[in-house]
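Peer 1: Fold the following for me, if possible:
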Amino acid sequence: MRYPVSQPTIEVDIVEDHAVLLEGLSQWLQDNTTGIRVVGRFASWAETAARLGALSDVVILDVLLGDQVPLRAKIQAILSSGPQVVVCSSVLDPAVMRQAMAAGAMAYIPKTASASVVETALRRAAQGLQHITPEVAAAMDAGLGEPQLSAREHQVVSVYLGGAAGTMAETAQLLGISVDGVKKHLASVRRKFQDGPEPLTRLGLRERLTAAGWLLEDPRQ
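Peer 2: Down below sits the predicted model:
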């Protein structure tokens, strides 16, 4: 069992596409902590995905990396390869916080928090323990009873509505499933988010999913 980490040094990877933030956090951890060592720095999800089998004890993951891969999928890919995940992001949407924690992250830390908060989250994650901030606790409480998507439903809407594909046929090809499968999952998602007699349009569904945190809008776009 990998956790709790038994070795004296907790090894950490950082996934962050802003070079200044990446180097700044790395330097702070190096200069101000003992027993924590940053060994990997990744500026994109593609770089991280290529090294999944060689990641360290804990991965600090940004939410907005300029790609169309769902946050849930990233977290679960990292967890399946062994490390724990601490999300550190400027996105303060409670729905996104809930999504990250539901996917298995050990903590969700705002980028406005002090680096010492990140340190605490890393040490707890290395012990297999969550670090719940007041913001995350409030977000979790507020999300009780909200519609939930399966992993496949989330994947389909992320591709179809997130910009990676324009049609159901393209979505099916990218995901390796049938067009009927895409239709079935989209119909299921529409039922979950329907709140009136009129069927949800593609734009309307996208707006609902974005508001609920299942789709992200990159403020830099």
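Peer 1: all helices for the chain, in order.
Peer 2: 19-32, 45-49, 71-81, 94-103, 115-126, 134-142, 151-162, 168-175, 179-193, 202-211 (DSSP state H).
Peer 1: buried ones in the fourth one?
Peer 2: Spelled out, that is helix 94-103. P94, A95, V96, M97, R98, Q99, A100, M101, A103 (16 or more other C-beta atoms under 10 Å). Every C-beta, even on glycine, is put in place using the N, C-alpha and C of the backbone.
Peer 1: what does the last one give?
Peer 2: Using 16+ other C-beta under 10 Å as the test for burial, helix 202-211 gives L205, R206, R208, L209, T210.
Peer 1: which one among those residues gets closest to V157?
Peer 2: Proximity of the buried residues of helix 202-211 to V157 (C-beta to C-beta) peaks at L209, which lies at 5.9 Å.
Peer 1: Please pick out the residue of the protein most distant from its centre.
Peer 2: P197 (33.0 Å; C-alpha atoms, centre = their mean).
Peer 1: Adding distance to V156 and pLDDT, write the buried residues of helix 94-103 out as JSON lines.
Peer 2: Listed next are the buried residues of helix 94-103 as JSON lines, based on distance: C-beta to C-beta, whole Å; pLDDT from 0 to 100:
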{"residue": "P94", "distance to V156": "24", "pLDDT": "85"}
{"residue": "A95", "distance to V156": "18", "pLDDT": "82"}
{"residue": "V96", "distance to V156": "19", "pLDDT": "86"}
{"residue": "M97", "distance to V156": "23", "pLDDT": "88"}
{"residue": "R98", "distance to V156": "20", "pLDDT": "86"}
{"residue": "Q99", "distance to V156": "16", "pLDDT": "84"}
{"residue": "A100", "distance to V156": "20", "pLDDT": "90"}
{"residue": "M101", "distance to V156": "22", "pLDDT": "89"}
{"residue": "A103", "distance to V156": "17", "pLDDT": "86"}
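Peer 1: Now distance to L52 too, for the residues you listed, in a markdown table please.
Peer 2: Output for these, formatted as a markdown table (distance: C-beta to C-beta, whole Å):
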| residue | distance to L52 |
| --- | --- |
| P94 | 29 |
| A95 | 26 |
| V96 | 22 |
| M97 | 24 |
| R98 | 25 |
| Q99 | 20 |
| A100 | 18 |
| M101 | 21 |
| A103 | 16 |
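Peer 1: quick check, nearest of those to R190?
Peer 2: Closest to R190, out of all of these and judged by C-beta to C-beta, is A95, at 18.1 Å.
Peer 1: wait, what's in contact with the closest residue in space to the closest one that isn't next to it in sequence?
Peer 2: Once flanking residues are discounted, A95 sits nearest to G213: 2.5 Å by C-beta to C-beta, 6 or more residues apart in numbering. Taking C-beta atoms under 8 Å, 6 or more residues apart in numbering, we find G213 in contact with D93, P94, A95, V96, M97, R98, Q99.
Peer 1: Can you give me the separation between L216 and V91?
Peer 2: Using C-beta to C-beta, to the nearest Å, L216 is found at 7 Å from V91.
Peer 1: so what sits against both of these two?
Peer 2: Common neighbours of L216 and V91 (C-beta under 8 Å, 6+ apart) are V63, L64.
Peer 1: Thanks a lot, catch you later.
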